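Participant: take a look and give me a structure for this.
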Amino acid sequence: MPLVKHISILVFLTVTCFQLQAQKGWELGGWLGSSFYFGDLNTSYDLSRPGLAAGLISRYNLNERLSFTGSFNYGRVRGSDEVSNNSFQRDRNLNFYSDIFDIATVVEFNFFPYIHGSYKQGFTPYIFAGANVFRYNPKKEFQGNIIDLVDYGTEGQFPGQEYNLVSFGAAYGIGVKWDINRLWSLNAFISGRRLLTDYLDDVSGEYPNYNQLKADRGDDAVEIANPSTTEGFGATNTQRGDSTKNDAYHFVGISMLRYFGKLECPKISTIKL
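Facilitator: Prediction:
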């Protein structure tokens, strides 16, 4: 009986170690997809203006259910009042685009046990949540040139008191993972960012005092702050944006990752029969 007992323990440990080999380990890869902006210049969640997006992913699998993932992401977002169905936005006539450089760390939870190389457990939906830091810089074309909107104090910011171009947010999303083989897998995901800034699009509060803006920034700043062609639109201290809701952006993509898991198993010689 003792021999049978020890053999049973050995078999159990061996099976467990092979499972851990498939469950633990690093994955590295990249992704390609689209980015979408939601905010003051896209209040209707219009998806017709996607931007190019891509990134690099590093994931550590703790087990078949949980993993930690870090990513470096790039995306271009844009918005324009010109395409809005809202009459206020069309009269406002603002537009922007911005390149976003994003670093995110999240915890992922697999709905099904996910084991690399397993025929039956090589697929799972998953959810994730964490935090991100990102850099942005809203721009537009003006008189044939590309300008940085932050430099024009469009809502009356005094020189030196402009909004910060680095900010933070909450990262979250859903996706699916499936194995191509033991080493390679594909992921498809939707990854959202709820931001701590409302100036991704350079729009948040009220129209500025135009005399002060002209004195601080020049004639061009007045036209950039209020390019409306509607007579009387954009009077000082009237609504320019909605400061009660911060901006957001999303990534939608497909990634390919390579698995670098290792067999972590106690030496058989340490088990005494």
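Participant: export stretch 230-240 as CSV, just CAs?
Facilitator: The C-alpha coordinates for stretch 230-240 follow below in CSV (Å, rounded to 0.1, in the frame of the first residue of the first chain):
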residue,chain,number,x,y,z
THR,A,230,-23.4,81.3,-37.2
GLU,A,231,-23.9,85.0,-36.2
GLY,A,232,-23.8,85.5,-32.5
PHE,A,233,-22.8,82.0,-31.7
GLY,A,234,-20.2,81.4,-29.0
ALA,A,235,-20.6,84.5,-26.7
THR,A,236,-18.2,84.8,-23.8
ASN,A,237,-19.0,82.4,-20.9
THR,A,238,-21.6,80.5,-22.9
GLN,A,239,-21.3,76.7,-23.2
ARG,A,240,-18.6,75.4,-25.4
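Participant: can you give me the helices for this protein?
Facilitator: 2-23, 87-92, 210-217, 219-225 (DSSP state H).
Participant: worst mean pLDDT among those?
Facilitator: Mean pLDDT is lowest for helix 2-23 among these, at a mean of 44.
Participant: and S228, backbone torsions?
Facilitator: phi -60, psi 140 (degrees, to the nearest 10).
Participant: now for it, how many residues are close by?
Facilitator: 16 (other C-beta atoms under 10 Å). (Glycine included, C-beta is placed from N, CA and C.)
Participant: next, the contact list for it, please.
Facilitator: Neighbouring residues of S228 by C-beta atoms under 8 Å, 6 or more residues apart in numbering: D91, R92, N93, G234.
Participant: go on, N110?
Facilitator: E64, R65, L66, S67, T124, P125, Y126, K177.
Participant: list the contacts of stretch 182-195.
Facilitator: Under the contact criterion C-beta under 8 Å, 6+ apart, stretch 182-195 has outside partners 22, 27, 31, 102, 104, 116-117, 122, 128, 132, 134, 167-180, 246-259.
Participant: out of those residues, which end up buried?
Facilitator: 22, 27, 31, 102, 104, 116-117, 122, 128, 132, 134, 167, 169-173, 175, 177, 179, 246-253, 255, 257, 259 (16 or more other C-beta atoms under 10 Å).
Participant: that older thread, show me how to select, in ChimeraX, the buried members of the contacts of S228.
Facilitator: Selection of the buried residues among the contacts of S228 in ChimeraX, burial being defined by 16+ other C-beta under 10 Å:
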select :92,93,234
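Participant: quick one: low-confidence parts of the stretch 151-273 of the chain?
Facilitator: 262-273 (pLDDT under 70).
Participant: let's see which of the contacts of stretch 182-195 end up in strands.
Facilitator: For the contacts of stretch 182-195, the ones inside strands are 27, 31, 102, 104, 128, 132, 134, 167-179, 248-259, with DSSP state E as the criterion.
Participant: ok, and the closest non-adjacent residue to S44?
Facilitator: Distances taken as C-beta to C-beta, 6 or more residues apart in numbering place N85 nearest to S44, at 6.5 Å, with adjacent residues excluded.
Participant: ok, G205 next?
Facilitator: In this structure, G205 finds its nearest non-sequential neighbour in S243, 4.8 Å apart by C-beta to C-beta, 6+ apart.
Participant: report how many residues lie close to F109.
Facilitator: 13.
Participant: for L66, see how far away it is.
Facilitator: From F109 across to L66, the span is 6 Å (C-beta to C-beta, to the nearest Å).
Participant: let me see the contact set for V166.
Facilitator: V133, F134, R135.
Participant: got JSON lines for these, with distance to Q239 too?
Facilitator: JSON lines is the format used below for those (distance: C-beta to C-beta, whole Å):
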{"residue": "V133", "distance to Q239": "30"}
{"residue": "F134", "distance to Q239": "27"}
{"residue": "R135", "distance to Q239": "28"}
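Participant: ok, so of these, who is nearest I224?
Facilitator: Each of the contacts of V166 was checked against I224 using C-beta to C-beta; the closest is R135, at 21.8 Å.
Participant: so the closest residue to the closest one other than its chain neighbours bridges to which residues?
Facilitator: In space, and not counting its chain neighbours, R135 is closest to F101: 4.7 Å by C-beta to C-beta, 6+ apart. Applying DSSP bridges to F101 gives these bridge partners: Y74, R135.
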